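*Asks:* coordinates only, no sequence provided:
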């Protein structure tokens, strides 16, 4: 039988060996190049971080070429011309066959603008007055226009995409207007349903000159005749 002293010595040897074994395992885990199984598998070890790679650069879309802006022919550009008339300064005269609008300045002169007029079957003539002015007007096509073109919107808010353009001057109680356009290439043509259109730049200029109550004379669509006006040099 073991004596008490022998038993004590055996216990001390076992404890010392256990401590040595744990220390050896711990050191080998740091010194060895080969991976070791974790001592405590229930602790989650975060995966190694991957370096962030920025996304490839995206090329910006090319800017629109501003040089493609439509330019009116010389005869349709806004200009002061000699224009003999008995009408008072401030009167507007629509020369339908020649697609001009004259704003009478007096002393035999007028400001002339190129315009678009009604297409065949939609021209008209007579005398009206401007009863309302609007900037970037809304557009509500009249029922007779919708009957002819049912695909038209019932209402369109004012803005650059609106076919009435930047300004509108309403003629009497009729459905007709003098207005701007987002299609400047139609100036000098017969394309509308009876309204008279100018470029947005020109209609803004005219708008600044006229007042509610201005007289508007629309000449009939007769056979094209020689122009009565000549440019001031």
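*Replies:* That came through fine. Fair warning: this is a prediction, and the values are worked out from it, not measured in the lab. Numbering: from 1, shown residues only.
*Asks:* is it true that residue 111 lies in a strand?
*Replies:* Yes - counting by DSSP: H, G, I helix; E, B strand; the rest coil, residue 111 is located in a strand.
*Asks:* tell me the buried residues in the longest strand anywhere in the chain?
*Replies:* Using DSSP state E, we find that the single longest strand of the chain is strand 126-135. For strand 126-135, the neighbour count (16 or more other Cβ atoms under 10 Å) marks 128, 130, 133 as buried. For glycine as for every other residue, the C-beta is placed from the backbone atoms N, C-alpha and C.
*Asks:* mind putting those into TSV with pLDDT and distance to residue 164?
*Replies:* Formatted as TSV, the buried residues of strand 126-135 follow (pLDDT from 0 to 100; distance: Cβ to Cβ, whole Å):
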residue	pLDDT	distance to residue 164
128	97	17
130	98	15
133	98	12
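*Asks:* which parts of this protein are helices?
*Replies:* 4-31, 143-148, 200-209 (DSSP state H).
*Asks:* go ahead and confirm residue 119 touches residue 195.
*Replies:* No - the criterion here is Cβ atoms under 8 Å, and residue 119 misses it with residue 195 at 11.0 Å.
*Asks:* more neighbours, these two?
*Replies:* residue 195 (21 against 13; other Cβ atoms under 10 Å).
*Asks:* for that one, give me the pLDDT.
*Replies:* Predicted confidence (pLDDT) for residue 195: 95.
*Asks:* backbone dihedrals for it, please?
*Replies:* The phi/psi pair for residue 195 (degrees, to the nearest 10) reads phi -80, psi 160.
*Asks:* my guess is it contacts residue 174, does it?
*Replies:* No - assessed by Cβ under 8 Å, residue 195 is found out of contact with residue 174, at 9.7 Å.
*Asks:* shaky segments in the chain?
*Replies:* Where the chain drops to pLDDT under 70, the residues are 1-68, 223-233.
*Asks:* run the last query once more with 80
*Replies:* 1-69, 222-233 (pLDDT under 80).
*Asks:* got the contact list for residue 131?
*Replies:* Counting by Cβ atoms under 8 Å, 6 or more residues apart in numbering, residue 131 makes contact with 170, 171, 172, 173, 212.
*Asks:* including distance to residue 145, could these go into TSV?
*Replies:* Shown next, in TSV, are the contacts of residue 131 (distance: Cβ to Cβ, whole Å):
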residue	distance to residue 145
170	15
171	16
172	18
173	16
212	25
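*Asks:* report the beta-bridge partners for the nearest residue to residue 186 once chain neighbours are set aside.
*Replies:* Sequence neighbours aside, residue 116 is the residue nearest to residue 186 in space, at 4.7 Å (criterion: Cβ to Cβ, 6 or more residues apart in numbering). Note on residue 116: beta-bridge partners by DSSP bridges are residue 197.
*Asks:* based on its surroundings, how many neighbours for residue 116?
*Replies:* Under the criterion other Cβ under 10 Å, the count of neighbours that residue 116 has is 23.
*Asks:* measure it to residue 153 for me?
*Replies:* Applying Cβ to Cβ, to the nearest Å, the value for residue 116 to residue 153 is 21 Å.
*Asks:* now do residue 107
*Replies:* From residue 107 across to residue 153, the span is 45 Å (Cβ to Cβ).
*Asks:* same check, this time on residue 219
*Replies:* 32 Å.
*Asks:* what of residue 127?
*Replies:* Using Cβ to Cβ, residue 127 is found at 32 Å from residue 153.
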